[in-house]
Structures are given as structure tokens and as C-alpha cells.
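Student: Any chance you could fold what I've pasted below:
(one chain, ligands or ions: 1)
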Amino acid sequence: QLHVCLRELRSATPSSGNATQRLPGAIIIGVRKAGTRALLEMLNLHPDVEVAKAEVHYFNLDENYRRGLDWYRAQMPLSRPGQLTVEKTPGYFTAPLAPGRVRRMDGSVRLLLIVRDPAERLVSDYTQVLHNRQQRHKPYQPLEELLLRQGRIDPGYKALQRSLYHQHLGRWLAHFPREQVHIVDGEALIRDPFPELRRAERFLELPPRISPSNFYFNATKGFYCLLSAGHDKCLDESKGRPHAPLSAAALRDLCRFFREPNRRFFNMVGRSFSWC
Ligand SMILES: Nc1ncnc2c1ncn2[C@@H]1O[C@H](COP(=O)(O)OS(=O)(=O)O)[C@@H](OP(=O)(O)O)[C@H]1O
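Tutor: This is a model prediction of the structure:
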């Protein structure tokens, strides 16, 4: 008996007390630049939630996926029985193999998808790439050069592809029922986070523990920041950067381009958003 117990102890994942690392019960699958970090940090205010601090990139990167589920579990935070583990990797949303891989791990896992005006998201995406290239002293092209080809929107532009929400969500819905995917309105999360968090708690079947007093508007930052147990936390300066400029004409073309993809996305989710 003792021998068996010791063996079990040794083979267990790292634990402290009855806390152990568990596979996620919920995953924020995207969308990149729509507020995935804010959503994760805000869910982490809940006492029954533990989050993986870093993006894990398990289901979207073959070199990680090959490492297997034990590796994935080892990236998770310690949690107590009854707590929900959550991870966020926005790269999952657009990765063709991710939905099938997630389902093979756990067909009942809950999926959270935060969305934002796809044109705004595209500009934010470009701004992030631009920033990274500038940091590494690499050359970069102005947004309009990437976005327009012979004066027309180039549908092949990567950041534009990532904004075609209906295409990506379609792949997830081939593997998961619609009720298992909760849509968070990224603009609403910025304007007034609490109601979105209350809806997310309900979807995750968590008792309501996050309250309006967990949020305060930081005028310097221009965003809501978090308050918990006397600690205050704002997201870092990579969130809420000034966006790269885009001419009014290009923005108008972009909005026109997204009209049909957006309509399809609204049909898919049974709800509409006031995007451009
Ligand atoms: N409370 C709060 N504080 C700061 N920023 C907030 C907040 N809520 C949402 N956001 C918006 O989050 C956007 C970044 O999205 P992500 O975290 O998904 O980006 S990433 O894909 O992980 O790089 C980021 O986009 P940009 O403004 O374009 O930088 C923010 O607008």
C-alpha cells in the first residue's frame, strides 16, 4: 500500500498541498489584439480561477504539440480541486489544426472568443508588428503599402485574413457546438468591463464573485485597471498603443470590404456588433 502511494506521489505533477496542475477547463482562443490579455487578467480576479500567465501555444505550434499533453499540463498554474484553469493563446483562433486538437484533448472544454471591430483589429495587429520590427531595427512597410494593391484592398494581407472571423470560427464550429463558445465584446470590455465579466462568469458556471469594485478607470492609461486585495494592476504599455495612421479613404474601403464577412459572422453567432 505504502509502496503504491509513494509511486503515485512521485509520478504526480508538481503539487503543493492539494494543489496540482490541471488541464484547462476553459481556453481564450482569440482574437489576437481584441483584448485577450485583459479578459484573462479580469477572469483571474475570480477566486475559483487560476490562469496560465504566459501564452502556451500548444495547439497551434507543431513543435509544442509534439511534446504531448503532459508538457501542456506542466505549463498550467497550480489549482485546488474545484478551481477552473484558464489559458489564453490568441494564435489558436486562426490555426487550422487547433480546433480538432483541442477537441481531442477535451470535447467539453469551454471556449471564449473576444472580438473587436475587424478593421480596428487589423490596424492594431499592424501596429504591433511594426513595433516589433522597429525594436529589432528591421525595415518595415507603411500599412497602406501592405493593405492595398493597385489601389484595392489586398485580400491576401495576413492581418486582414486574421480579421475574417467567420472563416476561422467556422472551423471551430465544425468541432464544437455553438453553446460551447462564448463571445465577448472587446469594445464593451474596454468601455465597462464588469457586465462582460458577469456574463463570462455565467458561461463558465462560476459563482458571481467579480464585482464593479474590482475595476477603476485610470485616466492616465485611458483604460480600466484592476483592483484585488488592495493591489492595483494595469496592463503594460504594449496594450493601448497609439495606432499607425490610415487614410480616411483606405479605412472606408476596408470597412466596405468587411461588410459581407461581418454579416456572415453575425449570422454565425446570432448577434450583431456596431462595427464600421
Ligand atoms: N483594460 C485594458 N487595458 C489595456 N488594454 C485593454 C484593456 N481592455 C482591452 N484592452 C485592449 O486589448 C488590446 C490588446 O489585445 P490582446 O491582449 O488580445 O493583444 S495580444 O493579441 O495578446 O497581443 C489593446 O489593443 P490596442 O489598443 O490596439 O493596443 C487594448 O485596446
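Student: Stretch 228-244 close to the ligand?
Tutor: Yes - figure legend: stretch 228-244 in contact with the ligand (Cβ under 6 Å from any ligand atom); contacting residues 235, 239-241. In short, each C-beta sits where N, CA and C put it, glycine included.
Student: Now, of those, which are buried?
Tutor: residue 235 (16 or more other Cβ atoms under 10 Å).
Student: Filter the residues of stretch 228-244 next to the ligand down to the ones in strands?
Tutor: The members of the residues of stretch 228-244 next to the ligand all map outside strands under DSSP state E.
Student: Closest one of the residues of stretch 228-244 next to the ligand to residue 143?
Tutor: Distance ranking of the residues of stretch 228-244 next to the ligand against residue 143, using Cβ to Cβ, places residue 241 first at 13.8 Å.
Student: In contact with the closest one, which residues?
Tutor: 124, 127-128, 131 (Cβ atoms under 8 Å, 6 or more residues apart in numbering).
Student: What residues of the longest helix seen in the chain count as buried?
Tutor: In the chain, assigned by DSSP state H, the helix with the most residues is helix 248-269. For helix 248-269, burial by neighbour count (16+ other Cβ under 10 Å) applies to 250-251, 253-254, 257-258, 261-262, 265, 268-269.
Student: I'd like the distance from that helix to the chain centre, please.
Tutor: 21 Å (Cα atoms, centre = their mean, to the nearest Å).
Student: and what of stretch 208-217?
Tutor: How far stretch 208-217 lies from its chain's middle: 20 Å, per Cα atoms, centre = their mean.
Student: Quick check: end-to-end length of it?
Tutor: One end of stretch 208-217 sits 21 Å from the other (Cα to Cα, to the nearest Å).
Student: Show me what counts as buried in it.
Tutor: Buried residues in stretch 208-217, counted by 16+ other Cβ under 10 Å: 210, 214-215.
Student: can I get these in JSON lines with distance to residue 79 and secondary structure?
Tutor: Formatted as JSON lines, the buried residues of stretch 208-217 follow (distance: Cβ to Cβ, whole Å; DSSP: H, G, I helix; E, B strand; the rest coil):
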{"residue": "210", "distance to residue 79": "17", "secondary structure": "coil"}
{"residue": "214", "distance to residue 79": "20", "secondary structure": "helix"}
{"residue": "215", "distance to residue 79": "24", "secondary structure": "strand"}
